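Engineer: Provide a 3D model corresponding to the input given below.
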Amino acid sequence: MTHTPITVIIPTYNEEHFIKQALQAASFADECIVIDSYSTDHTLEIAKGFNCKILERKFDDFSSQKNFAIKEAKNNWIFILDADEFLLPKLQKQIINAVSSNQHKAYRILRRNFFINRFLKNGSNGRDSAIRLIHKNYCHYEGLVHERMIVNGSIGLLPAFMYHYTYSNLRSFLSKKNKYSSFQAHQKYNKNSKTSYLHLLIKPSGRFWGEYTLKGGFLDGIAGLTSTRMNGYGVLSRYVKLRNLNTKTKEERLQNYDSFSLSLNTYAHSHPIKKPLLGYFSFLLLPKLTFIKYYLLKGNALKGKDGYALSYLYSFQKFQQLVYGWLEKRGLD
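Structural biologist: Numbering: from 1, shown residues only. Just a heads-up that it's a prediction; the model follows:
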């Protein structure tokens, strides 16, 4: 394939399991830049085996990291590729044709996300797209997490898919959700936002049911159910952490949110539910019964917002027990 005046930028931090395939996918361009946040694994060691430029920069936020690398690129056209993503030749050809036509200042790319055992086709994770091909003179990033591309010009769409291995195991995905929710909480805190009952009661369940039913997450089976439930968990985490930043949390377990949520995950992993009585419906029913148990029978309702959040997290632990049982039976985790 003919090299083209395109720079591929790959942000990294401890991506030794994925970085090789990303670098191979970037070989169609005439420049590749790895912008690394001082990885402690073998990421840079692997990257040095490829013909790419390596930049090291202390991570402050996603937008600043990528904007820094964009300024260092020798070409005007940039493709942003995460380390856990890869491109097939069909999309590479479309990128080359788009750059040659110069019809738009940026292009949106469709993306398929791998989760548990399949590439999702439904829910927000199955209908995903992002602006990744940009002309650097007309585009820049804004925002700390889930950064936003600002484009001064028209935006096109390339029809071929980019593929994203967002999932390695349930615990790592939970850790990723915890990391993102911390950034999001700080964003809201900087805007003087507060955590209301509406945020805790409506937003997490609204996120889950909207994706699971209206966006068809149920069509992706257990993978779709788990993905959408994880997104609901991420919303709750954001507002509990915002409450922590506003020093409103009285419950010690919630003050140490990440370690507490991971301890619940550890318990779920060591106590999987392998044969739920109601099969698939147990994934919907048992967590609800667990929530009722903790919120009403164990008195968490008397603890206000903290009690609601605790009950939610214990119900989410029950859900993880069911998922781990399902995974174990199939040799997936």
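Engineer: all helices of the stretch 151-300 of the chain, in order?
Structural biologist: Assigned by DSSP state H, counting those that start in this stretch, the stretch 151-300 of the chain shows helices spanning 170-190, 197-201, 203-209, 221-245, 252-255, 257-270, 282-292.
Engineer: Which among the ones you listed is found nearest to Phe62?
Structural biologist: Closest to Phe62 of those is helix 170-190 (CB to CB; 8.1 Å). All C-beta atoms are positioned from the backbone trio N, CA, C, and that covers glycine.
Engineer: contacts for that closest one?
Structural biologist: Contacts to helix 170-190, defined as CB atoms under 8 Å, 6 or more residues apart in numbering, come from residues 61, 143-146, 166-167, 226, 230, 233-234, 237-239, 241-242, 244-246, 257-258, 261-262, 265, 269, 320, 323-324, 327, 333.
Engineer: From those, keep the buried residues only.
Structural biologist: Burial by neighbour count, 16 or more other CB atoms under 10 Å: within the contacts of helix 170-190 this picks out 61, 144-145, 166-167, 226, 230, 233-234, 237-239, 241-242, 244-245, 257, 261, 265, 269, 320, 323-324, 327, 333.
Engineer: and the gap between the residue lying closest to Ile131 once chain neighbours are set aside and Arg108?
Structural biologist: Spatial nearest neighbour of Ile131, chain neighbours left out: Met149 (4.2 Å); criterion: CB to CB, 6 or more residues apart in numbering. Using CB to CB, to the nearest Å, we find Met149 at a distance of 9 Å from Arg108.
Engineer: Overlap of the contact sets of these two?
Structural biologist: By CB under 8 Å, 6+ apart, the residues touching both Met149 and Arg108 are Ala130, Ile131.
Engineer: Could you check how many residues crowd around the closest residue to Asp258 other than its chain neighbours?
Structural biologist: Leaving aside its sequence neighbours, Asp258 sits nearest to Asn178 (CB to CB, 6+ apart; 4.8 Å). The local packing of Asn178 (other CB atoms under 10 Å) involves 18 other residues.
Engineer: ok, now Asn152?
Structural biologist: Asn152 has 11 neighbouring residues, counting by other CB under 10 Å.
Engineer: One more: the one 3 residues further on?
Structural biologist: For Ile155, the neighbour count with other CB under 10 Å is 15.
Engineer: confidence score at the residue nearest to Leu120 when sequence neighbours are not counted?
Structural biologist: In this structure, Leu120 finds its nearest non-sequential neighbour in Gly126, 3.7 Å apart by CB to CB, 6+ apart. Predicted confidence (pLDDT) for Gly126: 81.
Engineer: if we look at the helix or strand of the chain with the lowest mean pLDDT, which residues are touching it?
Structural biologist: In the chain, no helix or strand scores lower on mean pLDDT, DSSP states H and E than helix 123-126, which sits at a mean of 81. Outside helix 123-126, the residues that touch it by CB under 8 Å, 6+ apart are 112-113, 115, 119-120, 166, 211-212, 215-217, 220, 224, 227-228, 231.
Engineer: Let's see that with 6 Å instead.
Structural biologist: Helix 123-126 has contacts (CB atoms under 6 Å, 6 or more residues apart in numbering) with Asn113, Leu120, Glu211, Lys215, Gly217, Gly224, Ser227, Thr228.
Engineer: Give me the number of neighbouring residues for the closest residue to Cys52 other than its chain neighbours.
Structural biologist: Excluding its sequence neighbours, the residue lying closest to Cys52 (CB to CB, 6+ apart) is Cys32, at 3.9 Å. Other residues near Cys32 number 25, with proximity taken as other CB under 10 Å.
Engineer: Leu110: which element?
Structural biologist: Here Leu110, judged by DSSP states H and E, is contained in strand 106-115.
Engineer: Give the buried residues for that strand.
Structural biologist: Buried residues in strand 106-115, counted by 16+ other CB under 10 Å: Ala106, Tyr107, Arg108, Ile109, Arg111, Arg112, Asn113, Phe114, Phe115.
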